[in-house]
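>>> sequence plus predicted model, see below.
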Amino acid sequence: MDPYREQAPSIPSAFKPLEVAASDIQVLPQAMWNASCSSCSKLLSKWNARMSRREFELAIVCSACFLYKSDWGKANQVELKKFVREVEKEMGRRLQVDGQDRLVGTDADRIIYGIVQESRIVQHARKNA
């Protein structure tokens, strides 16, 4: 069972969801978790993701690298910060960040899971509307 999926934060109801295309990010099979991230080399990977719009193939990456180094992450920094602050309010605690105020560890995993889950729901609703 996927522990982060169960712990993903619920999206605050007043918040416009961040969206990421299903073709741009997919969770790795659990057996492949903690492989070396193709961006930072840390053994924290959970995702198969497109880091650049110019790349065709997906790369094995960790949550933090997707959130802050991918083209999607760079384009959504303002919205991501707002989203994180709203989630912190809902959870009643600060999320784990590094010295540059970037999410790290399991909090980065949980946030990206929440974004991916909400994106799937929004995209499915549009498709069936």
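Everything's here; your move.
>>> residues contacting the closest residue to residue 70 other than its chain neighbours?
In this structure, residue 70 finds its nearest non-sequential neighbour in residue 51, 4.6 Å apart by C-beta to C-beta, 6 or more residues apart in numbering. The way it works is simple: take the backbone N, C-alpha and C, and place the C-beta from them, glycine included. For residue 51, the contacting residues are 38-39, 59, 61, 65-66, 69-71, by C-beta atoms under 8 Å, 6 or more residues apart in numbering.
>>> mind checking how far residue 51 is from residue 127?
26 Å (C-beta to C-beta, to the nearest Å).
>>> and the helices in the protein?
Per DSSP state H, the chain carries helices over the ranges 3-7, 63-69, 71-75, 77-91, 105-127.
>>> let me have these in CSV, extended by mean pLDDT and distance to residue 21.
CSV is the format used below for the helices of the chain (pLDDT from 0 to 100; distance: least, C-beta to C-beta, whole Å):
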stretch, mean pLDDT, distance to residue 21
helix 3-7, 51, 19
helix 63-69, 95, 13
helix 71-75, 94, 8
helix 77-91, 89, 15
helix 105-127, 80, 8
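>>> deepest-packed of the ones you listed, please.
Among the helices of the chain, helix 63-69 has the highest mean neighbour count (mean count of other C-beta atoms under 10 Å), at a mean of 23.
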